[in-house]
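A.B. asks: Predicted structure and sequence below. I'll ask about it afterward.
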Amino acid sequence: RLDALEMAALYSRADAVLSIPERDLLALTILEALACGAAPILSALPILQRELSAADVLFLDERTPARLAEQVRAVVARSPETRAEQAARNRALVCARFDWTRQAPRIEEVYDLARRRHAVRGGTSR
């Protein structure tokens, strides 16, 4: 198991970070990779396309090994300048949109709503 600093160091050195789930989710690992300046290649899931843009990440439009290899080659072929610009944009994106001080209240609202709905249905609240 790696600690946060070790994981950040790996993300920072990565040419690409792949996250290609079949289900709709915005994983913390994607945000961590973006914050470290990595270039994510992601499944073209609705939540990801809603929260991130094609300017920030590469969306895998076809879930085939050949298409995935093509996307990885495209990321690796970018010039050092292009990579540095993308890394800076990705870091800024995470700081601007996904900062914990902004996200924590939203998460708390979701939990409160879930707790209230559970109580209405006759569940117990601890």
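C.D. replies: Thanks, I have it.
A.B. asks: and the gap between the residue sitting nearest the centre point of the chain and Glu6?
C.D. replies: Per Cα atoms, centre = their mean, the C-alpha nearest to the average position across the chain is that of Ile30, at 2.4 Å. Counting by Cβ to Cβ, to the nearest Å, the gap from Ile30 to Glu6 is 18 Å. Placement of C-beta: from N, CA and C, glycine included.
A.B. asks: now Thr64
C.D. replies: 32 Å.
A.B. asks: What of Asp24?
C.D. replies: 29 Å.
A.B. asks: do the same with Leu18
C.D. replies: Taking Cβ to Cβ, one finds Leu18 at 19 Å from Glu6.
A.B. asks: low-confidence ranges in this protein?
C.D. replies: Counting by pLDDT under 70, the chain has low-confidence residues at 123-126.
A.B. asks: quick one: the strands in the protein?
C.D. replies: In the chain, the strands defined using DSSP state E lie at 17-19, 40-43, 58-60.
A.B. asks: Tell me which strands the last one pairs with, and in which orientation.
C.D. replies: Take DSSP bridges as the rule and strand 58-60 pairs in its sheet with strand 40-43 (parallel).
A.B. asks: Now do the buried residues in the strand it pairs with.
C.D. replies: Of all the residues in strand 40-43, those buried under the rule 16 or more other Cβ atoms under 10 Å are Pro40, Ile41, Leu42, Ser43.
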